[in-house]
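S.K.: One predicted model, sequence on top.
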Amino acid sequence: SSSGSRTDMAATPASEAFRAHLDELMAAKAGGRDVATVAARGAALIVALRADETSALVEGVAPKLDADGARARVESAEEELLALRYRKARCVAGITASRSGAAALALPDGLLTAEEAEASGAGGSAAPATADGHGSMLRRLAAEHGERARLAAEREEAQLEMRRRRGAATAQRSAEAASRAQLESVVFAADALRKGLGAPAISPADDAAEALCSRLPDPLFNLYRQAEAWAQCRAGAPGGGGAPARLSLREGAPPGAGADPLFAAAAVVVELRACDAKAASLSFSFHPAIRAIGVTCDDRSRDESLRSLFSDDDARGLPDERCLLRALPAQAPEAEPARRQASSAFDQGVEAMAPALPFRWAQWLGGLGPPLGDGREVHSIHAVMDALCGWLVAA
């Protein structure tokens with residue numbers, strides 16, 4: 001066994017080197033020398049032997065793979081040849097039977113008539129006309145074959161499309177089920193939170209303020225709470241120095257003569273005033289017909305500086321298209337004449353809201369959402385409130 005192994009390893013230089021290394025290792029061990037140094041050199045020889053073994057395996061497998069591939073191609077060609085021979089025999093038998101008339105051919109059900117085949121042109125010049133009608137029959141068969149092939153292709157495409165749509169419908173139903181489960185959990189949590197919170201309240205300081213709270217529209221309530229939370233956050237910050245602004249509720253000014261009811265404001269407004277007594281104040285009013293919040297400064301001379309507070313929001317138009325859509329019912333023909341006449345001021349745009357200015361950041365503070373489709377930046381609540389507070393105390 002040892003001699004056979006040595007004979008096999010002698011086939012490569014690496015095996016010869018490894019055999020010499022083994023002899024050296026045995027001699028060192030027999031002579032009592034240190035064999036660790038000699039054995040350390042054997043690692044490289046083992047790597048070389050494994051490389052030779054891998055090369056030999058690759059060289060031996062490649063011809064076998066080539067032979068297997070050639071054998072598979074030959075078998076495939078033989079199968080195709082056998083199918084062609086069978087088809088040829090069937091065709092020869094059919095032609096012979098047709099020419100001799102010895103047996104009636106079993107034609108497909110619903111085969112195209114000669115006139116239909118000629119009209120469709122699908123048969124082309126598949127066969128010349130003959131006295132016994134053999135060429136006509138071949139043209140009919142060719143036309144039938146082409147029509148059936150076309151219908152089969154359309155059927156296959158329709159089946160693929162049906163499977164694709166069925167898979168898309170299944171995925172959509174799965175997504176809807178998952179969304180429905182998530183929505184139900186959110187609604188359940190919201191209901192539980194609403195029950196725990198109870199009726200919204202602002203904790204008014206006196207009876208008069210409490211009476212105003214009950215009449216406060218939802219958007220102004222949202223704006224009030226947002227601003228109140230900002231003021232508390234700023235007051236509690238290190239080095240905040242107290243609340244930077246005060247919030248209060250008051251009755252709004254009654255509409256003037258000839259005012260457009262489309263832009264009429266709710267009776268209660270929210271007022272924001274800086275702690276500095278000399279600073280200006282801002283009033284936030286809600287206009288329910290168009291569901292928009294207007295901002296009014298008690299110092300009208302500062303309106304232009306308020307317009308430039310944010311470069312992309314100067315309140316020279318309604319906040320978004322939704323306000324325009326909400327105003328359409330007010331101009332319907334069935335509306336009462338007085339209101340329809342007053343609503344003609346709608347064509348003048350935002351000027352009919354004066355002195356209130358419908359800034360987009362005010363809509364955001366009131367929870368009416370950012371505008372749809374214009375792609376402009378929506379400022380954060382803290383950024384808006386910080387800018388307003390700085391603007392109020394500016395000279």
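M.R.: Structure's in. What do you need? Being a predicted model, the structure only gives us computed values, none of them experimental.
S.K.: Next secondary structure element downstream of the worst-scoring helix or strand of the chain on mean pLDDT?
M.R.: Least confident helix or strand of the chain, by mean pLDDT, DSSP states H and E, is helix 2-9 with a mean of 43. Under the assignment DSSP states H and E, the closest C-terminal helix or strand after helix 2-9 is helix 13-30.
S.K.: could you pull out the helices for this structure?
M.R.: Applying DSSP state H to the chain gives helices spanning 2-9, 13-30, 35-40, 42-100, 114-120, 134-197, 207-213, 218-236, 303-307, 321-327, 337-342, 360-365, 381-393.
S.K.: Serialize those to CSV and add fields for distance to Ser285.
M.R.: Using the backbone N, CA and C atoms, a C-beta is placed for each residue, glycine as well. Listed next are those as CSV, based on distance: least, Cβ to Cβ, whole Å:
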stretch, distance to Ser285
helix 2-9, 100
helix 13-30, 95
helix 35-40, 92
helix 42-100, 85
helix 114-120, 77
helix 134-197, 26
helix 207-213, 13
helix 218-236, 8
helix 303-307, 15
helix 321-327, 14
helix 337-342, 18
helix 360-365, 10
helix 381-393, 16
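S.K.: among the ones you listed, which is nearest Val268?
M.R.: helix 207-213 (5.1 Å; Cβ to Cβ).
S.K.: which helices and strands sit right next to that closest one?
M.R.: strand 245-251 (3 or more Cβ pairs under 8 Å, 6 or more residues apart in numbering; DSSP states H and E).
S.K.: Could you spell out the sheet neighbours of the strand it packs on, each with its direction?
M.R.: Sheet pairing of strand 245-251 (DSSP bridges) gives strand 268-274 (antiparallel).
S.K.: So which residues make contact with the partner strand?
M.R.: 212, 215-217, 220, 223-224, 227, 244-252, 279-286, 388-389, 392-393 (Cβ atoms under 8 Å, 6 or more residues apart in numbering).
S.K.: Name the stretch among the helices of the chain that sits most buried.
M.R.: Among the helices of the chain, ranked by average contacts under mean count of other Cβ atoms under 10 Å, first place goes to helix 360-365 (a mean of 25).
S.K.: And the contacts of that one?
M.R.: 222-223, 226-227, 284, 292-295, 310, 313, 315, 319-320, 369-371, 376, 378-379, 381, 384.
S.K.: give me that answer again for 7 Å
M.R.: 223, 226, 284, 292-293, 295, 310, 313, 319, 370-371, 378-379, 381, 384 (Cβ atoms under 7 Å, 6 or more residues apart in numbering).
S.K.: Distance from the chain centre to that helix, please.
M.R.: 28 Å (Cα atoms, centre = their mean, to the nearest Å).
S.K.: do stretch 153-165 as well
M.R.: 26 Å.
S.K.: same deal with stretch 310-329?
M.R.: 29 Å.
S.K.: before we move on, what about stretch 31-42?
M.R.: 68 Å.
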